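Visitor: when you get a sec, could you give me coordinates for this:
(chains A, B and C)
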Amino acid sequence: MSTGSSLGLGDVEIGDVWTRFMTYVVLTFLVMVNLVPFLFIISVSFTPPEAFFGDPSLVPANPTLEAWTKGFADLRDNLVNSAIIATGTAVISMAITIPGAYAFARKRFYGKKVGFYAIIVAMMFPYILLVIPVMDIWNSTGLYNTIPGMWIAYQIFVTPFAIWILRDFFQKLPQDLEEAAQVYGCTQFSAFVRVILPLAAPGIVAVGFLAFLTGWNDFLFSNLLTTGVGPVPAVPVLYGTIGGGSGERVYWGKLMAETLIIGAPPTVLYLFARNYLENAFAVK
Amino acid sequence: MSGNTSNTAPSSDSTDDPVRNRQRDSAGADESHVRVEQIRKTFNDGSVVACEDVNIDIDEGEFVVLVGPSGCGKTTTLRCIAGLEQPDDGRIVVDGDDVTDAKPKDRNLAFVFQSIALFPHMTVRRNIRFGLDMNTDLPDEEKDRRVEDVAETLGIDGMLDRKPKALSGGQQQRVSLGRAMVMEPDAFLLDEPFSALDANLRDQMRVEVKQIQRELNKPMVFVTHDQEEAMTLGDKIVVMDDGNVQQIGTPHEIYNDPTNLFVADFIGSPSPNLLDCTVVEDGGELRLRNAAFEVSVTDEQAAVLRERVGDRVVLGVRPEYLALNDAETNGAFTANVDVVEPLGDRDAVHLSADGQSLSAVTPQGRVGRRTDEVAVEMEIERAWLFETDGTRLV
Amino acid sequence: MATEVSDASAETEGQSRMASVWETFEENRFSYLLIMPTLVFLVLLMWIPFLRGVWMTLYEWPFGGSPTWIGLENYASLLEWKPFYTAFKATLWFSLTTAFQLLVALVAALSVREISRFTKAITGIFLLAYTVPPLVTGTIWAYLLAPDLGPFFTLLTEWGVLSETIYWGTNGSASMAVITFVTTWTFWPFMFLILSASLQNIDEELYESAQIYGANRLQTFWNVTLPHMKSAILVAVSIRLIWNLTKVSQVLQLTNGGPGYDTSVLAVLLYRFAYGRGQMGVAYTVGLVLFVVTIGFVFVFIREFEKASEEATA
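Guide: Numbering: from 1, shown residues only, chains lettered A, B, ... in the order given. Sure thing, here's the model as predicted:
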């Protein structure tokens, strides 16, 4: 018995070292797989067009900014569109979901459970289905090819998800806060505004970020609900360049510079919002 | 708020400051009290009855404690008084005004939460000022003065500019009390305010709260599940169980003269001995018989038991009324000593006799550690008798 | 606020009872007011379009044109159409990406938990792929995996791992492998987020007591970690499964659904009908098939979600 357990202890120690080693191997591998593509792209974006058919290398021989300046020039208007669409999506989604999530988290009322699941189930909806009727409805109501049309359409993606995350935030706040505020002079509404909203700020930032991300990153609606004459955001333009297959040779350097230009804003925002995001995804 | 309270004090002018107004009213009406009338509250569409038929009168300057096991309806009752719950039936009257339908903020009652419920994003100062900021138009200097006075009384004046998170549990609960005190409310409502604190701090806070209440001379309603806390604090104790008030009385009344088996069992530590007995008649004398003992009853008890010969009753007697003697001396019955539990100046002695557990309280060291057996003598004149359903007989 | 209270006290018993009913309604009304915007949006943006879409499947419905009633013909012709079955099979294969995502995310989450330094940097790098638009990462991979000039095949042939580059675009299985890989690469960080949040919520004392009672790493994983993560895993899998099946951008830019219909998963097929041909009725019919395929997972999701929230409140 005693020898057995001491042997077992020895095993655990060897196992520990082995696990530790494997952990580092796995993490290094995953980090490389995630990082190297981006490093390649950065390198390519500085590579002059004529240098593409040589050997691939991480440090370009004659770096040029041509791809970047061209990319910026081509995308400028679309980037502005993207920013307006994404910001508006975030603002509207917060106006809609903050009160709802608060009620679902901290109020008792008839029909609460059914209502909540009706919303959460919507998260599981294959959204692409809705593209068809939304295209048709938008077309007949004048929302097609407009920025407000995009703002409203993106709420389909954002609303259920935002309710899910925000409800969790509101639930985690200490109990009795609104009641204390009500005893000391607040109405239900002013208790919500003065006490709960400031405390839920991290959750609100997280949801705002995710809504912005949706508006900025989406391809499906931005491609189907806008046309060349309308407020086309940046993402479908990028798709047009590569997938359109216009016959002319693709200037990969410019394309890669464009991917970086489009990818940068959400990444920068993520760096700001990441502290708030950390707990937003706990399944509770 | 008190502009047309014609049934109490005549208030000629009405300023916008309810706090001040209130004070003038109560001074004139000289009976500032809270009355709970026939309150009934159910949850889940009536399927859960939280409290029923609750009637409590709380006089000016009275310290009332609602006590009972968890789920007995004490907190619901308190929340109804505060306006945090809307009773299905009944009325809440504060200072002569029916406030049953008033919003919590319009009742001028202060509530101290079990969870403390300080606003984490505000400093202590802003927490304490919160009610004044929301509900009154007092000038800033007056608010600051009140906040500082209260903070000084509570010994938290050095912490006014910290956030609640930086304070200890006891300090947080003081801030929560301060938030209530600056309002100069008609009554204080406290929901198990000290349950999160450790034992020493709890004792200290009890003394402080009682002192504060004496100084302010305002009614205070205090909810607790701890009968000892109830006994030490209350001028009047309301014992609740299963949604109903079981007994209302002074600590001594409740302790000495419980109205039913539940109150007898709930109040006092260690719990009283509750022994199933049969009433027997032995040569014209009425006695109570049990597997372990047989005792004769007093004349007063006999008068009640006379027509119950052969019935089962419950004999209740507090541990301090069992006298323990050496096994040899002349006692009513003998019992085995199971455990001796020192309580300080006294010892609790747990006994068993013929399968029945009993407890007794004796002076320190009265029963030696090695003692196996003692003779138990019961002070039958201090015992209570209950029906088996719990109703008090005598 | 002054009049409200004193009015009530001045009136009769019956009236105050009415006032009390009114008060409870008021209290609920505030809650209903709060959830109203969400519910209105839900009805307007999800249920009405959904039902309208179902109705559209009964028509020949060109985009922007006038619809003609054709009954169930859309369904019938879809079921008779061979490529539909190719697309259906592609969808099933493509759904394997969810399993790969789970595997990578689980390994990554467990590994990050083991280390104490650099966790912030590492999770930041992991999430990079998820933060930027999928179309951007799709573009990046389209370049990296381009058979002629992309660095991936160039390097592999140069190092002698491959004798010549692979023109995966003309091979159905290879195309499927490519889109599955890129989708996995792009979306596993989302699962990672959910799983590591759930891992963080496991009480350290549970691990300590497992250790004290002699459980080894594997036993601890099976008896402590996995049961605790079960709900999170099922929720993440069911969300991801459905979301993966509704993403079209990367498939479109990598293979455009080809060769033939070999990588036209149902969502892509829908897109091709709607965008390429403007046949809205048929497109939505394809969507309904997708809906039926995924609906089972909705129930798994709800059940687990409810279980998790009950445990949280208990």
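Visitor: state the distance from the residue in the stretch 51-200 of chain A that chain B sits nearest to to B:Met183.
Guide: Among the residues of the stretch 51-200 of chain A, A:Gly185 lies closest to chain B, at 2.8 Å counting by C-beta to the nearest C-beta. To be clear about C-beta, it is placed using only N, CA and C from the backbone, and glycine gets the same treatment. Separation of A:Gly185 from B:Met183 (C-beta to C-beta, to the nearest Å): 9 Å.
Visitor: B:Val209: neighbour count?
Guide: Burial of B:Val209 is recorded as 22 neighbouring residues (other C-beta atoms under 10 Å in any protein chain shown).
Visitor: quick revisit: mutual contacts of A:Gly185 and B:Met183, please.
Guide: B:Gly131, B:Asn135 (C-beta atoms under 8 Å, 6 or more residues apart in numbering or on different chains).
Visitor: those two - which one has more neighbours?
Guide: Shown here are A:Gly185 and B:Met183; by other C-beta under 10 Å, B:Met183 has more neighbours (26 against 23).
Visitor: what helix or strand is the residue of the stretch 51-200 of chain A closest to chain B on?
Guide: Using DSSP states H and E, A:Gly185 maps to neither a helix nor a strand.
Visitor: distance of it from B:Glu85?
Guide: The value you get for A:Gly185 to B:Glu85, if C-beta to C-beta is used, is 19 Å.
Visitor: just C:Leu162 next, same as before
Guide: Here the criterion is C-beta to C-beta. By it, C:Leu162 lies 74 Å from B:Glu85.
Visitor: over to B:Arg312?
Guide: For B:Arg312, the distance to B:Glu85 - C-beta to C-beta - is 41 Å.
Visitor: do the helix or strand harbouring A:Asp168 and chain B meet at all?
Guide: Here A:Asp168 sits within helix A:147-172, counting by DSSP H and E. No: Helix A:147-172 is not in contact with chain B by C-beta under 8 Å from any C-beta of the partner chain; minimum separation 11.8 Å.
Visitor: rounded mean pLDDT for stretch C:159-172, please.
Guide: For stretch C:159-172, the mean per-residue pLDDT is 84.
Visitor: pull out the buried residues from it.
Guide: C:Thr165, C:Ile166, C:Trp168, C:Gly169, C:Gly172 (16 or more other C-beta atoms under 10 Å in any protein chain shown).
Visitor: now the residue of the stretch 51-200 of chain A closest to chain B: closest residue in space that isn't a chain neighbour?
Guide: Excluding the flanking residues, the one nearest A:Gly185 by C-beta to C-beta, 6 or more residues apart in numbering or on different chains is B:Met134, at 2.8 Å.
Visitor: likewise C:Arg52?
Guide: C:Arg52 sits nearest to A:Pro133 (C-beta to C-beta, 6+ apart), 4.4 Å away.
Visitor: ditto for B:Met183
Guide: Using C-beta to C-beta, 6+ apart, the closest residue to B:Met183 is B:Gly131 (4.7 Å).
Visitor: please name the nearest non-neighbouring residue to the residue nearest the centre of chain C.
Guide: Centroid-nearest residue in chain C, with C-alpha atoms, centre = their mean: C:Trp243, separated by 2.5 Å. In space, and not counting its chain neighbours, C:Trp243 is closest to C:Phe187: 7.5 Å by C-beta to C-beta, 6+ apart.
Visitor: pretty sure the one you found is touching C:Leu241, no?
Guide: No: between C:Phe187 and C:Leu241 there is no contact under C-beta atoms under 8 Å: 10.8 Å.
Visitor: between these two, who's got more neighbours?
Guide: Higher neighbour count among C:Phe187 and C:Leu241: C:Phe187, with 25 against 22, using other C-beta under 10 Å.
Visitor: got the contact list for the more buried one?
Guide: C:Phe187 touches C:Thr97, C:Gln101, C:Tyr130, C:Pro134, C:Arg240, C:Trp243, C:Asn244, C:Lys247, counting by C-beta under 8 Å, 6+ apart.
Visitor: and the last one, how many neighbours?
Guide: Close neighbours of C:Lys247, defined as other C-beta under 10 Å, add up to 24.
Visitor: which segments of the chain make up each domain?
Guide: By default, I'm working from chain A. Here the domain parsing of chain A from automatic domain parsing is A:2-45, A:66-277.
Visitor: um, chain C though
Guide: C:2-46, C:81-313.
Visitor: tell me the most buried of those domains?
Guide: The highest average neighbour count among those, using mean count of other C-beta atoms under 10 Å in any protein chain shown, belongs to domain C:81-313 at a mean of 19.
Visitor: what's opposite the residue lying closest to C:Ile70 once chain neighbours are set aside in the beta bridge?
Guide: Spatial nearest neighbour of C:Ile70, chain neighbours left out: C:Glu60 (5.0 Å); criterion: C-beta to C-beta, 6+ apart. Legend: beta-bridge partners of C:Glu60 under DSSP bridges are C:Thr68.
Visitor: picking that back up, just give me the lowest mean pLDDT stretch among the domains of chain C.
Guide: Among those, domain C:2-46 carries the lowest mean pLDDT (a mean of 64).
Visitor: rewinding a little: for the residue nearest to B:Met183, what are its contacts?
Guide: A:Val183, A:Tyr184, A:Gly185, B:Ala110, B:Arg179, B:Val182, B:Met183.
Visitor: and the last one, that one's in a strand?
Guide: Okay, so that is B:Met183. No: assessed by DSSP: H, G, I helix; E, B strand; the rest coil, B:Met183 does not belong to a strand; its assignment is coil.
Visitor: how about the helix or strand hosting C:Phe299 against chain B, any contact?
Guide: Assigned by DSSP H and E, C:Phe299 belongs to helix C:280-313. No: Helix C:280-313 lies out of reach of chain B by C-beta under 8 Å from any C-beta, never closer than 15.7 Å.
Visitor: which neighbouring elements make contact with that helix?
Guide: helix A:112-123, helix A:128-141, helix C:48-56, helix C:73-80, helix C:82-94, helix C:226-246, helix C:266-271 (3 or more C-beta pairs under 8 Å, 6 or more residues apart in numbering or on different chains; DSSP states H and E).
Visitor: can you redo those as TSV with distance to B:Thr232?
Guide: TSV is the format used below for the helices and strands packed on helix C:280-313 (distance: least, C-beta to C-beta, whole Å):
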stretch	distance to B:Thr232
helix A:112-123	42
helix A:128-141	65
helix C:48-56	64
helix C:73-80	79
helix C:82-94	71
helix C:226-246	44
helix C:266-271	70
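Visitor: closest to B:Ala332 out of the ones you listed?
Guide: Each of the helices and strands packed on helix C:280-313 was scored for nearness to B:Ala332 using C-beta to C-beta, and the closest is helix C:226-246 (58.3 Å).
Visitor: how far is that closest one from where the chain is centred?
Guide: 9 Å (C-alpha atoms, centre = their mean, to the nearest Å).
Visitor: after that helix, which helix or strand is next?
Guide: Toward the C-terminus from helix C:226-246 - assigned by DSSP H and E - lies helix C:249-254.
Visitor: okay, now the unreliable bits of the stretch 101-250 of chain B?
Guide: Of all residues in the stretch 101-250 of chain B, none has pLDDT under 70.
Visitor: quick check: residues of it near chain C?
Guide: B:Asp101, B:Ala102, B:Lys103, B:Lys105, B:Asp106.
Visitor: among those residues, which are in strands?
Guide: Nothing among those maps onto strands, per DSSP state E.
Visitor: now for C:Pro189: which residues touch it?
Guide: By C-beta under 8 Å, 6+ apart, the neighbours of C:Pro189 are C:Ala105, C:Phe126, C:Leu127, C:Ala129, C:Tyr130.
Visitor: tell me the one of these nearest B:Pro139?
Guide: C:Leu127 (52.6 Å).
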